[in-house]
Structure formats: structure tokens, C-alpha cells
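In: I'll drop the sequence and a predicted model, then ask my questions.
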Amino acid sequence: MTNPHPTAADGPQPPHEPPAAADGAQPPQGPPAPDTDSRTGGAGGNPNPAEGRVPTTHPHPRTDGLHAHLVVTRPTFHLDITLTAAPGEVVALLGPNGAGKTTALRALAGLTPLTAGHLRLDGTELDRTPPESRPVGVVFQDYLLFPHLTALDNVAFGPRCHGATRAEARTQAAAWLDRMGLAEHAGVKPRCLSGGQAQRVALARALATRPRLLLLDEPLAALDARTRLDVRSQLRRHLAEFEAVAVLVTHDPLDAMVLADRLIVIEHGKVVQEGTPADIARRPRTDYIAHLVGLNLYRGRAEGHMVKLDTGPAITTTEDLAGDVFVAFPPSAVTLFRDRPTGASARNLWRCEVAGLETHGDQIRADLTGELALAADLTTVAAAELDLHPGAPVWATVKATQTHAYPA
Ligand SMILES: Nc1ncnc2c1ncn2[C@@H]1O[C@H](COP(=O)(O)OP(=O)(O)OP(=O)(O)O)[C@@H](O)[C@H]1O
């Protein structure tokens, strides 16, 4: 996502598409959000619930969550996804580059207009609500903190825009910084914060507006590996406490699996699979997802324990199925031989050729072509003993017990 900019609380102008009114590093005098009622504690609970409370005008109960059908049509791209989430649920939008994740997030924030569809949050239609008036908080990959404001004033900016007095806003901001473990950094400017601290300030700023929808755009992408580990676990804790809907956009399957209750995988502007992280990891339905979760995936037709692949040979499985199925197995389940193994069952034995080799953690991953295209993991020692190199002929076997077949 490239510098989108949903609300007054979230920083300077977006570079393209409709500008967010009252956006930018202006004096924090934006209009009050339409919905800042704190009956349910809003975004993670208001640290000072008695403060900054703005009367609600909502006729609907605030327990409905998110119901969205987002349709955005551009000359070369069409997004059409349905997105629902219950309060307290964290949903991750996962997908390859250009899938439409950012477009979906911008549409939720009101920065990209819907071509069709609808957007309802806690019973209120938001389609026509301008970005700065939506009860939406956004955390960006690159934080987008105001460089000239202290951490405290960056966080206080949100409540100020939503009608709190300066003193109220600062009190609330101090409470949020405290909650994020950043109390001692309140007077520090963003340039003096580490990446992890800046990201937590950005999260505090978003939560301080008590949003009913929290949008997180690749929130950990700019952090180094070590910081990422810490911030990921802190973010997980804060999201677990968050009482409204959170939507996270990420490329990283680990972030998605750790942070989200439910994954929605988008490819080419459409939802291709959704479910719990465990469901998706166990039963991927596209090559992209199979690759993400590190599985070999094939489609075919099952007759009992035999699955005849659409392209390629048959695979023997332990499941007894009929009709269209997927078959998956991990690269670690593959055993390679240079010579045809004698005594091995002829089942799940394929003649292949090494197309490429790469280091994968402490293993070597071999990409194989031939009777069956597959990835195989083996130790460095085994790769050396087999004298594997691109072009080398190999035999690959997989035990039926290591495969997993499920209906397509
Ligand atoms: N402002 C825009 N105007 C026109 N086309 C755009 C605009 N923003 C994005 N697109 C196009 O819309 C499609 C979806 O892009 P989008 O940024 O939503 O994907 P994404 O899944 O977030 O990708 P990435 O992971 O690379 O950020 C792409 O083809 C992209 O080129």
C-alpha cells in the first residue's frame, strides 16, 4: 500500500485518489467522528472512558461488525470481494502483489470510492461517509507519524480531531502510550524512536480515536527481523484486547497466521479462499496459497485411494474419495534417489529432473520437473551425496501416508 491516507488522524495527503478532507498535518481541529460512543470501549477500550466522550447518534446496536461488498472497477483491474467480520475478530487479507489488498483497505477507509457494493459497520452504512468522519483507524507500514510532533502529540492528534479538548486529548494519549509501554518516550520526536517504537506510537494513535474498524497495512513490513518478532507478539496482544473489527493486509503468511483469526486470500481481485489459518494451511486451494504454506498441491479426480491428476500421473493417498479433489504433501515428505529404487513400491514413484536448487532454512530445496513437478527438501549432506545439480535425473517417492487429499 503506497501512502494512502484515510483520516485526519492518520497524516498527510494521499498521493492519488480522493483526498481525505481535513487530512494532513494541520492543527487538529477536524470534525468529530460520527461515532465515538464508548459504551463498548471502542478501540481496545478507552484508557480513560469518562473522557472525550461524544454522544452517539447511532440508532443501531454496535454489535453488528463489518458487512462489506467492495466493488472497485479500474481500466485494468476489477475488485469484487465480500468481507464480513464480527466485533473482536481480526481478519487478514492475504494475496500476491497486485491482488487488490490495498484497494480493499483504501475502499474500507473511504479513500477509494466504491464502483458498486456497500459498506456497513455496526449497522451504519458508510458508503457515503467521508474518510475523516468514518470511525476507522489506520496503521501504516511506514508509520506516517508527524515528524514535528512528539509521540504524545502524535497520539493526541486523533482524539483532538474527534472533538476532545487539548488537555483531554493529551491525557488520553498519555494513557495509550503507557499502555503501549512507551510512557518514557512521550516527549520524543519520531526521528528519535526505533522502528518498533514508532510502530507502537502509530498503533496508539489509531486506537486513541476508539475506531470501530482498525485497518493495518503491512504493519510489520518495515521492521527488521528481530524487532518484527517483538512487535508481532505485542501487536497480537493489543489485537486480542481490541473489541471492534480489525482488518490486516499482509504478504507475510506468518504475520497472517499469528495475528489473524481468519484469513481471506485474494487473487486477481477475488476471494479465492477464506478460513482459519489452520484450515488454509491444511487445505490450500490455489498454487499461491500452497506455495505460501510450503506444500506441493495438485488437482485431480479421485477413485478410492487413487487420484488421477489433471496434468500428470496418479497419486495414491490414504483417503478414500470420489470426484474432484486436491492432493497436497510437504516437500519434506519427498525422498530422492539417483537410481530407481529397488524394492520400493511402484506407487508414488516418479522420474524427474532437477530444475533448480536453493537454500531453504537449513535445508536444500530442489525444484523438480518431469513426470510430476514438485518441490523436495533434503539436507545439504544428502544433496551432496546425491550430487544434485540442475539437469540431474532423479527418482522421487512419497508415501501415501504423507499425502493429504480433500474435495475440490
Ligand atoms: N490509484 C490507482 N489507479 C489505478 N490503478 C491502481 C491504483 N492503485 C492500484 N492500482 C492497480 O490496481 C491493482 C490492485 O492493486 P493493489 O495495490 O490493490 O494490490 P495489492 O494486493 O495491495 O498489491 P501489493 O501487495 O503489491 O501492494 C493493481 O493492478 C494496481 O496496479
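Out: Looks like it came in fine.

In: which residues in the stretch 1-150 of the chain form strands?
Out: With strands called from DSSP state E, counting those that start in this stretch, the stretch 1-150 of the chain shows them at 66-74, 77-85, 90-94, 116-121, 124-125, 136-139.

In: got CSV for these, with mean pLDDT, mean neighbour count and distance to residue 209 too?
Out: (Each C-beta comes from the backbone N, C-alpha and C, glycine too.) Supplementary listing: these in CSV, determined by pLDDT from 0 to 100; neighbours: other C-beta atoms under 10 Å; distance: least, C-beta to C-beta, whole Å:
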stretch, mean pLDDT, mean neighbour count, distance to residue 209
strand 66-74, 96, 18, 17
strand 77-85, 97, 18, 19
strand 90-94, 95, 25, 18
strand 116-121, 96, 18, 14
strand 124-125, 92, 16, 16
strand 136-139, 92, 30, 5
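
In: which parts of the stretch 201-350 of the chain sit against the ligand?
Out: Proximity of the stretch 201-350 of the chain to the ligand, by C-beta under 6 Å from any ligand atom, involves residues residue 251.

In: follow-up on the earlier one: tell me which of the strands of the stretch 1-150 of the chain lies nearest to the ligand.
Out: strand 77-85 (3.9 Å; C-beta to the nearest ligand atom).

In: what lines up beside that closest one in the sheet?
Out: strand 66-74 (antiparallel) (DSSP bridges).

In: in space, what's closest to residue 370 - neighbours in sequence excluded?
Out: residue 352 (3.5 Å; C-beta to C-beta, 6 or more residues apart in numbering).

In: circling back to that earlier point, okay, the strands of the stretch 1-150 of the chain in CSV with distance to the ligand next?
Out: Shown next, in CSV, are those (distance: least, C-beta to the nearest ligand atom, whole Å):
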stretch, distance to the ligand
strand 66-74, 5
strand 77-85, 4
strand 90-94, 8
strand 116-121, 15
strand 124-125, 23
strand 136-139, 14
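
In: JSON lines please, covering these and showing distance to residue 178.
Out: Shown next, in JSON lines, are the strands of the stretch 1-150 of the chain (distance: least, C-beta to C-beta, whole Å):
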{"stretch": "strand 66-74", "distance to residue 178": "29"}
{"stretch": "strand 77-85", "distance to residue 178": "29"}
{"stretch": "strand 90-94", "distance to residue 178": "23"}
{"stretch": "strand 116-121", "distance to residue 178": "29"}
{"stretch": "strand 124-125", "distance to residue 178": "31"}
{"stretch": "strand 136-139", "distance to residue 178": "18"}
